[in-house]
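A.B. asks: following is a predicted model, sequence given first.
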Amino acid sequence: MNSQELIDSFLDALWSERGLSQNTLAAYGRDLKAWSDWLSSEGSSDLLTADATDLQQYLAYRGKQGAKNSSMARVLSSLRRFYRYQHRQGRISEDPSALIDAPRIGRSLPGSLSEAQVDDLLEAPDTEHMLGLRDRAMLELLYATGLRVTELISLELSQINLQMGVVRVFGKGSKERLVPIGDVAVEWVTDYLNTARPELMRGQGVCNAAFVTRRGAGMTRQAFWYLIKRYAADAGITQKLSPHTLRHAFATHLLNHGADLRVLQMLLGHSDLSTTQIYTHIAQARLQEVHQQHHPRG
């Protein structure tokens, strides 16, 4: 097998065994292709003959190119999984990544918005127009549920139960969870599904996606990320945003109002509680701020 065939077979195995998303598989593919290209440029090894020294030199090369520790840690994680798979398949006798330590990285706190900023962002779309109503419904649902953007745009009509007030979500690894929507989001989504969506779909054929474009197709992650940035600018929000900004706000605001960490873990679809615990740092920072502001000896 040549390098690309090795990478493709590995990605196929990941998809069948773990059910990873296309975005995750694409990231693995990019990391492995870059590693393979570097080995080719060095001319001394290929994917199956590379050793620990090659890996260390590659990471050093990435560092000199300006890659952050977090980026190099992700690359090493991709290569580890790839070589573990090759070892299981009997294609290599030793895993060259086994004894290499990952670069140390601090866990950065995710950026979030205040409750007032969220209100401004949610009110930014012009709901007198069908696209604005769609966007308001999407933003309300995103903040009400803490969904990942990919999960939101992948929602199909059958996954939304407005009578029960829940959405059925298939997250990372195709893990299913039920997430409550909340009354306000239910109202906006109901309004969109009853009025704007039929107009957007008029004469466009059939589409199962809950949120559609003016062409009657499902919304893309990139298109919705553009909309978030545009509405944030309209709302006067100047801080740096990410596609997960409303997800972070959802988690932070729930904790600020006394939510249990285990419940938050279930709502966010985290497989490991340690992933959820990063939000406690934000909540603690908020508590300190409130204490300093309101306590007579703060």
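C.D. replies: Sure, I can see it. This is a predicted model, so every value here is computed, not measured.
A.B. asks: which stretches of the protein form strands?
C.D. replies: Assigned by DSSP state E, the strands in the chain fall at 160-161, 166-170, 176-180.
A.B. asks: winner for burial among those?
C.D. replies: Highest mean neighbour count among the strands of the chain (mean count of other Cβ atoms under 10 Å): strand 166-170, with a mean of 19. The C-beta positions use only the backbone N, C-alpha and C, and glycine is treated the same way.
A.B. asks: what pairs with that one, parallel or antiparallel?
C.D. replies: Paired strands of strand 166-170, with direction, are strand 160-161 (antiparallel), strand 176-180 (antiparallel) (DSSP bridges).
A.B. asks: what ranges do the helices span in the stretch 151-298 of the chain?
C.D. replies: Along the stretch 151-298 of the chain, the segments classed as helices by DSSP state H, counting those that start in this stretch run 183-191, 197-201, 221-234, 245-256, 261-268, 273-294.
A.B. asks: enumerate every residue touching the residue lying closest to residue 191 once chain neighbours are set aside.
C.D. replies: Closest residue to residue 191 apart from its sequence neighbours, by Cβ to Cβ, 6 or more residues apart in numbering: residue 133 at 6.4 Å. Neighbour list for residue 133: 125, 127, 188, 191-192, 195-196 [criterion: Cβ atoms under 8 Å, 6 or more residues apart in numbering].
A.B. asks: name the helix or strand of the chain that has the lowest mean pLDDT.
C.D. replies: Scoring the helices and strands of the chain by mean pLDDT, DSSP states H and E places helix 273-294 at the bottom, with a mean of 58.
A.B. asks: so where's this structure uncertain?
C.D. replies: 102-111, 172-174, 261, 270-298 (pLDDT under 70).
A.B. asks: and the spatially most central residue of it, what does it touch?
C.D. replies: Closest to where the C-alpha atoms of the chain average out (Cα atoms, centre = their mean) is residue 148, at 5.1 Å. Contacts for residue 148 (Cβ under 8 Å, 6+ apart) come out as 171, 244, 247, 269.
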